[in-house]
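Enquirer: structure, please.
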Amino acid sequence: LGYSGDAPDITFTVPRPCMKKMRKYTHKRMKNICINNGGLFKHKKFSKSKLVELIKALDKYRIILVGGPKEASFRSITHKNLINLTGALSIHETAAILKQCDLVISTDSGIMHIADAVGTPVITLWGPTLIEKNYPWHNRDNIITANLPCAPCWWTSAQAACISNKCMQAIEIQTVVDKVHQLLPNISSLNLTARKDTTTIITTYNRPHLLQQCLESINQTNSRKDTYIIAVGDGIEPTTRKLLRNSNCVDDFIFLNERRGISFGVNIGLEVAKFNNSKFVNYIQDDVVVKDKNWLNIMLDVWLTYHKSHKLKCLSGFLYPIDTNY
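Expert: Numbering: from 1, shown residues only. Have a look, this model is predicted:
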């Protein structure tokens with residue numbers, strides 16, 4: 001057609017009622033991994049026994065199994081940390097689960113692309129199909145394949161003659177587990193695409209280089225329109241002020257007039273999280289610990305002074321400070 005511009009981004013909007021309805025399935029104190037062993041054709045899937053092996057190998061995580069009607073045989077799988085929702089969800093409900101998980105493991109399927117579109121990191125498992133044609137747009141580096149010489153064979157006589165889909169069964173479970181361990185510690189607390197319709201609090205505290213990476217991370221996500229972003233910092237940080245005021249991704253700024261140990265104060269923010277059942281993640285570590293028990297009151301006073309219309313809405317959702325684990 002002669003088009004030479006950038007390709008449009010791929011997004012999927014999840015209705016808020018679905019997000020609320022599906023939230024009960026995720027674990028508040030464990031990492032949540034969604035597994036989809038689905039696909040239109042059986043050649044693209046793990047066998048049931050291999051799927052069970054994968055679930056057992058990830059027993060330190062909350063596992064949520066999803067899939068469509070063609071995966072009905074997996075409905076009988078049980079495990080201590082498994083929530084089996086195979087065949088029980090609508091597309092929007094499935095998307096809500098995918099969106100609220102920390103990681104998705106999926107075969108080549110429509111659910112793989114939905115997970116990619118809602119912004120959750122996806123590990124993809126490949127056998128007979130062509131990776132270059134079907135790979136998820138945002139997760140090109142998280143691909144696992146056994147690299148058998150007969151693959152890919154999709155829509156060929158070799159595929160028609162194959163009765164064992166050995167390309168999928170040859171994938172080592174340990175390879176998948178290693179990839180999970182590689183990705184989960186490095187999934188940034190700023191991965192906002194995994195949690196839209198949230199309020200995000202960015203704490204600064206004299207770390208302009210980390211703040212710059214934070215802002216770049218937010219700009220690269222596709223969830224800006226659904227995420228309310230507040231930056232909190234000390235008023236004596238000119239570099240921080242400049243970065244935030246020049247940014248187009250921060251909705252509001254809260255600058256305290258004196259140094260109050262903001263980064264340590266984030267710990268007191270745990271009390272804020274309790275108001276609305278929020279998930280609170282703190283990755284900030286400091287040499288100097290400032291035990292300011294008034295930090296919470298300072299935060300509330302500043303917010304209520306400048307944003308009375310929001311009241312405590314600013315404290316709902318999930319609170320994310322800067323991730324300093326680089």
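
Enquirer: in the chain, which spans are strands?
Expert: Here the chain has its strands, by DSSP state E, at 32-36, 62-66, 82-84, 103-107, 122-126, 143-145, 198-203, 227-234, 252-256, 279-280, 318-319.

Enquirer: need the least confident one among the ones you listed, by mean pLDDT.
Expert: Mean pLDDT per stretch puts strand 318-319 lowest among those, at a mean of 32.

Enquirer: how is the chain partitioned into domains?
Expert: Domain segmentation of the chain under automatic domain parsing yields 16-186, 192-319.

Enquirer: sketch out the low-pLDDT regions of the chain for me.
Expert: The chain contains residues with pLDDT under 70 at 1, 6-7, 154-156, 158-161, 185-211, 213-238, 240-241, 245, 249-326.

Enquirer: now the helices for the chain?
Expert: 16-22, 48-57, 91-100, 110-118, 131-134, 157-161, 166-169, 173-183, 208-220, 238-245, 262-275, 295-306 (DSSP state H).

Enquirer: tell me the contacts of the nearest residue to Ile143 once chain neighbours are set aside?
Expert: Spatially, and ignoring its direct neighbours in sequence, Ile143 is nearest to Thr124 (5.3 Å; Cβ to Cβ, 6 or more residues apart in numbering). Every C-beta, even on glycine, is put in place using the N, C-alpha and C of the backbone. Neighbouring residues of Thr124 by Cβ atoms under 8 Å, 6 or more residues apart in numbering: Ser106, Thr107, Asp108, Met112, Tyr135, Pro136, Asn139, Asn142, Ile143, Ile144.

Enquirer: any chance of those in TSV, plus neighbour count and distance to Lys50?
Expert: Converted to TSV, those look like this (neighbours: other Cβ atoms under 10 Å; distance: Cβ to Cβ, whole Å):
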residue	neighbour count	distance to Lys50
Ser106	27	14
Thr107	22	11
Asp108	28	16
Met112	25	18
Tyr135	21	22
Pro136	22	21
Asn139	20	22
Asn142	20	19
Ile143	15	18
Ile144	16	13
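
Enquirer: tell me which of those residues is nearest to Ile10?
Expert: Pro136 (8.6 Å; Cβ to Cβ).

Enquirer: could you measure the nearest residue to the closest one once chain neighbours are set aside against Ala57, distance?
Expert: Using Cβ to Cβ, 6+ apart and skipping the chain neighbours, the partner closest in space to Pro136 is Asp116 (3.6 Å). Using Cβ to Cβ, to the nearest Å, Asp116 is found at 23 Å from Ala57.

Enquirer: quick one on the thing from earlier: the residue nearest to Ile143 pairs with what?
Expert: Here Thr124 sits in beta bridges with Ser106, Ile143, going by DSSP bridges.

Enquirer: distance-wise, check it relative to Ala88.
Expert: 23 Å.

Enquirer: on that earlier part again, the more surrounded of Asp116 and Ala57?
Expert: Asp116 (26 against 14; other Cβ atoms under 10 Å).

Enquirer: my guess is the more buried one contacts Trp137, does it?
Expert: Yes: the criterion here is Cβ atoms under 8 Å, and Asp116 meets it with Trp137 at 5.7 Å.

Enquirer: joint contacts of these two?
Expert: Residues touching both Asp116 and Trp137 (Cβ under 8 Å, 6+ apart): Ile10.

Enquirer: state the distance from Pro136 to Trp126.
Expert: On the measure of Cβ to Cβ, Pro136 and Trp126 end up 11 Å apart.

Enquirer: likewise for Ile33?
Expert: 19 Å.

Enquirer: what's the answer for Thr94, then?
Expert: Applying Cβ to Cβ to Thr94 and Trp126 gives a distance of 21 Å.

Enquirer: same thing with Leu98?
Expert: Applying Cβ to Cβ, the value for Leu98 to Trp126 is 19 Å.

Enquirer: more neighbours, those two?
Expert: The neighbour count for Leu98 versus Trp126, taken as other Cβ under 10 Å, is higher for Leu98 (28 against 22).

Enquirer: identify the residues contacting that one.
Expert: Residues near Leu98 by Cβ under 8 Å, 6+ apart: Cys34, Val66, Val104, Ile111, Ile114, Ala115, Val118, Thr120.
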